[in-house]
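> A structural model of the following input is requested.
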Amino acid sequence: MSEKVKPYKDSQLNKKEQVTKMFDTISKEYDGLNRVISFGIDVKWRKKVVAIIAKTQPKRILDIATGTGDLAINLAETDAEEIIGLDISDGMLEVGRKKITDKKLDNKIKMTLGDSENLPFEDNSFDAITVAFGVRNFEDLEKGLSEILRVLKPNGTFVILETSVPIKTPFKQGYKFYSKYILPTIGKVFSKDRVAYSYLSESASVFPYGEALNNILRQIGFTNVKDLPQTFGVATIYTATKQ
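Purely as a prediction, here's the structure:
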């Protein structure tokens, strides 16, 4: 089972409420800081996710934990007729809605406030579902994944893009140094919520990755589960299907 990390250790809120508050607070600065923190490589990772999804030719896509809509916007490059971006943070969604309007994609992408662990959709609703840098923020990982399996159509494709920990030297040591010292420092300097970026670093370090997450996906009921490490293993793309 997944290990749980609290964003705000002294808070009386549960993890879901804490995550919502955190992302509402950093929503305006999130995109810029994301590019700085990842050195812009996250753009390349998302393009790989889009390429995987595009091969399946989905008509209806759900992007969970869509945040400010980066992946949802990228997915507009596919032949999908409808893309729904769902997130628990209205602050993040507001930023995303503006980006979508600016790109004239309102007719294709809809942003929806909702909980990944209680999806407001019927069974077998989507041809493809994606989550980029969001599953580690689920309060109950197994429940969230079960909900995703429920709303995914049979033979549908599920793709996760998430941070992971490199296993090879010297990348493992370099990653640990960066996540422990550099990432929180960047957050302190550029963010009005200093705790948020410490949480993002801590949550990434304890979240199951590689075969550990593969096994959780299989236990939930997903099939054809594969993991594709990216950039020396600092992120991983997971692909799975529903029978």
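> so Lys48 touches Gln230, yeah?
Yes. With contact defined as Cβ atoms under 8 Å, Lys48 reaches Gln230; the gap is 7.2 Å. To be clear about C-beta, it is placed using only N, CA and C from the backbone, and glycine gets the same treatment.
> elements contacting whichever strand or helix holds Asn155?
Counting by DSSP states H and E, the element that carries Asn155 is strand 152-163. Applying 3 or more Cβ pairs under 8 Å, 6 or more residues apart in numbering; DSSP states H and E, we find strand 152-163 packed against helix 41-55, strand 126-132, strand 235-241.
> Comparing Lys48 and Gln230, which residue is more hemmed in?
Gln230 (18 against 15; other Cβ atoms under 10 Å).
> residues in contact with Lys168?
For Lys168, the contact set (Cβ atoms under 8 Å, 6 or more residues apart in numbering) comprises 232-233.
> Poorly predicted segments of the protein, please.
Residues of the chain that meet the criterion pLDDT under 70 lie in 1-13, 187-198, 200-201.
> circling back: which neighbours do Lys48 and Gln230 share?
With Cβ under 8 Å, 6+ apart, Lys48 and Gln230 have common neighbours Ile237.
> returning to that earlier point: so which of the helices and strands packed on strand 152-163 is nearest Val165?
In terms of Cβ to Cβ, the element of the helices and strands packed on strand 152-163 nearest to Val165 is strand 235-241, at 9.5 Å.
> that older thread, hey, which of the helices and strands packed on strand 152-163 is tucked in deepest?
Comparing the helices and strands packed on strand 152-163 by mean neighbour count (mean count of other Cβ atoms under 10 Å), strand 126-132 ranks first with a mean of 26.
> That strand pairs with which strands, parallel or anti?
With DSSP bridges as the test, strand 126-132 is paired with strand 60-64 (parallel), strand 152-163 (parallel).
> ok so, going back, among the helices and strands packed on strand 152-163, which is nearest Ile182?
helix 41-55 (14.7 Å).
> Which strands or helices does the closest one pack on?
On the basis of 3+ Cβ pairs under 8 Å, 6+ apart, helix 41-55 makes packing contacts with helix 15-38, helix 70-75, strand 126-132, strand 152-163, strand 223-230, strand 235-241.
> quick one: which of the ones you listed is nearest Ile53?
strand 126-132 (5.1 Å).
> one step back: want to try TSV for the helices and strands packed on strand 152-163, with distance to Tyr175 as columns?
Formatted as TSV, those follow (distance: least, Cβ to Cβ, whole Å):
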stretch	distance to Tyr175
helix 41-55	13
strand 126-132	19
strand 235-241	11
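> Any idea what the residue nearest to Leu213 when sequence neighbours are not counted is bridged to?
Nearest residue to Leu213 in three dimensions, chain neighbours excluded: Tyr238, at 6.3 Å (Cβ to Cβ, 6 or more residues apart in numbering). Beta-bridge partners for Tyr238, by DSSP bridges, are Ile160, Asp227.
> on that earlier part again, mean neighbour count, the strands paired with strand 126-132: which tops it?
strand 60-64 (a mean of 27).
> what angle sits between that one and helix 41-55?
Angle of strand 60-64 versus helix 41-55, following axes from the mean of the first three to the mean of the last three Cα atoms, to 10 degrees, is 150 degrees.
> you'd agree Ile84 is in a strand?
Yes. Under DSSP: H, G, I helix; E, B strand; the rest coil, Ile84 sits within a strand.
> about what we covered before: list the contacts of the residue nearest to Leu213.
159-162, 213-214, 217, 225-228.
> Distance check, it against Asp24.
Tyr238 sits 27 Å away from Asp24, going by Cβ to Cβ, to the nearest Å.
> Same question for Ile37.
Distance from Ile37 to Asp24, by Cβ to Cβ: 19 Å.
> before we move on, what about Leu152?
Counting by Cβ to Cβ - Leu152 and Asp24 are separated by 28 Å.
> Then Gly144?
Distance of Gly144 to Asp24, computed by Cβ to Cβ: 20 Å.
> Many thanks, have a good one.
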